[in-house]
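[1] fold the following, please.
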Amino acid sequence: MAKVNATYETLFIVDMTAGEAAVKGTVEKFKAIISENGEISGINEWGKRRLSYPINDKTEGYYVLVTFTAPTDFPAELERIFGITEDIMRSVTTRVRD
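    Numbering: from 1, shown residues only. Next up, the predicted model:
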């Protein structure tokens, strides 16, 4: 049975308290994870932004939007990895209609 691929967008917010080097390392880590499991079609780093509400008493985060194509079982695994990574404040992955 052939693997079914779909297009997804994921937006994640990286905690900036560890410094810029840690932020860049986290962003590169997730770019690598996504590219190993799918094909990245676009990366838009929004950069440092003010949060609409405090998360763990923090008011700013580093936003990254990634558009990619991957098998349908990968987004659940990606969300699991986001959830166990301490540097990720929030994340959301959605399927994009073709």
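[2] what residues are bridge-paired with residue 93?
    residue 10 (DSSP bridges).
[3] neighbours around it, how many?
    Neighbour count for residue 93, taken as other CB atoms under 10 Å: 18. (Each C-beta comes from the backbone N, C-alpha and C, glycine too.)
[4] then residue 50?
    The burial count for residue 50: 7, using other CB under 10 Å.
[5] please, where are all the helices along the protein?
    With DSSP state H applied, the chain shows helices at 20-37, 74-84, listed in chain order.
[6] pLDDT below threshold where in this protein?
    Low-confidence segments of the chain, defined by pLDDT under 70: 1-2, 98.
[7] one more pass at 50, please.
    Residues of the chain meeting the criterion pLDDT under 50: 1.
[8] center of it - which residue?
    Of all residues in the chain, the one closest to the mean position by CA atoms, centre = their mean is residue 12, 4.0 Å from it.
[9] in contact with that residue, which residues?
    Contacts were defined as CB atoms under 8 Å, 6 or more residues apart in numbering; by that measure residue 12 touches 30, 63, 64, 66, 82, 88, 90, 91, 92.
[10] using JSON lines, lay out the helices of the chain together with mean neighbour count and distance to residue 49.
    Output for the helices of the chain, formatted as JSON lines (neighbours: other CB atoms under 10 Å; distance: least, CB to CB, whole Å):
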{"stretch": "helix 20-37", "mean neighbour count": "15", "distance to residue 49": "12"}
{"stretch": "helix 74-84", "mean neighbour count": "14", "distance to residue 49": "18"}
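[11] cool, thanks, talk later.
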